[in-house]
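Student: next come a sequence and a model predicted from it.
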Amino acid sequence: MHTARFIVLLLLASSQAVCALTLPSWLRFSQKSEAPAQPTLRRVSLGEFTGGTGGSARRAVLAALERASGLQLTTDRPDFLITGSSTGGRITGRVTAASGKKLLDRTYAAPGLDENAGAFADDVILTITGKPGLATSRIVFVSDRTGTPQVYLCDPEGREVLQVTHHAHGAVSPSLNPDATAVAYTSYKSGFPIVQWLDLGQGWERTVTDTPGSSFGAAFSPDGQRLALVMSFLGNPEVFVTDLSSNSAACVSDTTGVPSSPSWHPDGKQIIFSDDRGDGPRLYITEVPESSQAQASLVRWRTGHAFCTDPEFSPDGQQVAYTAQLRSGQAVIVKGWPSGPARVIQAGGAAHPSWSPDGRQLCYVQHGILYIHHLSTGQRRAILEKHGRISEPRWMK
């Protein structure tokens, strides 16, 4: 176990404050991780949708619910009844329990019918299962389709593909904030890597830090207010946490290696990252500051695999997905957190896994193709191919 430096910096060219801080330990390695429980299927009946665009709305909602985990569509003694109406693309949708209690009654008035249907379907899934739906979620990724790597967005079916960046020198390592309104990524427009923050609604962007040196590999915190990223202005690269509102940052690692791919625990108190200290990349856990006094713990997490990269906590914080090097090549692995068995999800060159918001699926790349893999069934499907070579996918949380 190592003691990590904790340095707070105001990222202004004119003034940089440096002080030492002490932090409590949140790591509890005595806890045991259990295998994730199989989801209970809820029996759901989709009734008729009235109105001029009711038929189209029902078909769109049905398609979203058929792809959802945890639901069984049936007309035989359903636990929940879904009904609605649609006029001009607007949708009013309702969910009623078998007891007659109304659980959801809401109107969706976005410009497009498909957008409204996706939003209603996601609310249905959340209301019935307690897990977020995926219809309105987005996956951010990198593709070299234009000749240089650029950042793109798509939906979980590989549709609605949108090119986000258009940098002459390319853009890599993207991360979406929790509501998919902003993306952070690494740009090379200055000749060396720097992290940029882009507002997807307004279209404006800014550099996250104005310190000298490189910065790369950003990841949004669960609340969307902070970024974990690697910065090198102190000399050796270290993992920092930067507050997007105050423009301050804290160093939360102390390594002689080269850290990369930081990712947050859903409680916002820990960060997992890969660090190569000369014997190949391994995974480490560091604490995120909560007070203004001295020391944080930095712990190597032993996975049983060599050359581990791209770690990401599951949405419930009970598992970690990562890339490991096996004899057959790169593979996507899932291991219980903080302890538990590890299992190979996909070998043969699969890499860079990222969890779906409901924690039931992973997206990853293999041979430049973007896949989604359902963990309980083991089934997977390619959602985007023939779109250049795809890499570094991340699913919004």
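Tutor: Alright, I've got the coordinates.
Student: which residues in the stretch 101-250 of the chain form strands?
Tutor: Counting by DSSP state E, counting those that start in this stretch, the stretch 101-250 of the chain forms strands over residues 102-108, 139-143, 150-154, 162-163, 171-176, 182-187, 194-199, 205-207, 215-220, 226-231, 238-243, 248-251, given from the N-terminal end onward.
Student: least confident of those, on average?
Tutor: Looking at the strands of the stretch 101-250 of the chain, the lowest mean pLDDT belongs to strand 248-251 (a mean of 84).
Student: now the strands of the stretch 101-250 of the chain in a markdown table, with distance to Gly51 and mean neighbour count?
Tutor: C-beta coordinates here come from the backbone N, C-alpha and C atoms, glycine included. A markdown table is the format used below for the strands of the stretch 101-250 of the chain (distance: least, Cβ to Cβ, whole Å; neighbours: other Cβ atoms under 10 Å):
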| stretch | distance to Gly51 | mean neighbour count |
| --- | --- | --- |
| strand 102-108 | 12 | 14 |
| strand 139-143 | 32 | 25 |
| strand 150-154 | 30 | 23 |
| strand 162-163 | 30 | 12 |
| strand 171-176 | 34 | 25 |
| strand 182-187 | 35 | 24 |
| strand 194-199 | 35 | 20 |
| strand 205-207 | 41 | 14 |
| strand 215-220 | 39 | 24 |
| strand 226-231 | 44 | 25 |
| strand 238-243 | 47 | 24 |
| strand 248-251 | 52 | 21 |
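Student: Ile82 is nearest to which of those?
Tutor: Between Ile82 and those, the tightest spacing by Cβ to Cβ is seen for strand 102-108, at 8.7 Å.
Student: quick one: the helices in the stretch 51-200 of the chain?
Tutor: Counting by DSSP state H, counting those that start in this stretch, residue ranges of the helices within the stretch 51-200 of the chain are 54-66, 113-129.
Student: show me the chain divided up by domain.
Tutor: 42-129, 137-395 (automatic domain parsing).
Student: for Pro193, phi and psi?
Tutor: In this entry, Pro193 is assigned phi and psi values of phi -70, psi 130 (degrees, to the nearest 10).
Student: mind listing what it touches?
Tutor: Taking Cβ atoms under 8 Å, 6 or more residues apart in numbering as the criterion, Pro193 is in contact with Thr186, Ser187, Ser214, Ser215, Phe216.
Student: with adjacent residues omitted, what lies nearest to it?
Tutor: The spatially closest residue to Pro193, leaving aside those adjacent along the chain, is Phe216, at 4.2 Å (Cβ to Cβ, 6 or more residues apart in numbering).
Student: how near is that neighbour to Tyr322?
Tutor: Using Cβ to Cβ, to the nearest Å, one gets 19 Å for the distance from Phe216 to Tyr322.
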